[in-house]
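Asks: Build me a model:
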Amino acid sequence: MLHPTRDQIDLVDVMAAIGHPVRVAIVRKLAASEEEEFCGSILPDVPKSTLTAHWRVLRESGVICQRPEGRKLFIRLRRADLDDRFPGLLDLIVYEGSRAPSE
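Replies: Numbers count the residues shown, from 1 in each chain. Modelled structure (predicted):
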């Protein structure tokens, strides 16, 4: 599995990765839990084949880190790395998702 180093995380790649509604939902769910999650529990209503492509984009952009354990794949948000590279970006993404449409 390819995970970029902290210094290799690029803002353009991160923004492209979170520009898709499913991927931003994944980021918000991981940010809310602040824990490592089993990939099948994050968005259980989305087909596994669809999520596989989204995991790859998020992983290769440096947004998430994946860890296999047996037949399961665990995912965590790379919050510390992203906060170091782009302070406030994740907070903005999470905040925007929690706002009511009329705000």
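Asks: if you skip the residues just before and after it, what's nearest to Leu2?
Replies: Glu60 (5.9 Å; C-beta to C-beta, 6 or more residues apart in numbering). In short, each C-beta sits where N, CA and C put it, glycine included.
Asks: who touches the one you found in this structure?
Replies: By C-beta atoms under 8 Å, 6 or more residues apart in numbering, the contact set of Glu60 is Leu2, Pro4, Asp13.
Asks: how about the nearest residue to the last one, chain neighbours excluded?
Replies: Once flanking residues are discounted, Asp13 sits nearest to Ser61: 4.1 Å by C-beta to C-beta, 6+ apart.
Asks: Can you get me a residue count around that neighbour?
Replies: 23 (other C-beta atoms under 10 Å).
Asks: now it: how far from Asp91?
Replies: Separation of Ser61 from Asp91 (C-beta to C-beta, to the nearest Å): 18 Å.
Asks: With Ala80 instead?
Replies: According to C-beta to C-beta, Ala80 stands 13 Å off from Asp91.
Asks: Of those two, which one has the most company?
Replies: Taking neighbours as other C-beta under 10 Å, Ala80 and Asp91 compare with Asp91 leading, 12 against 9.
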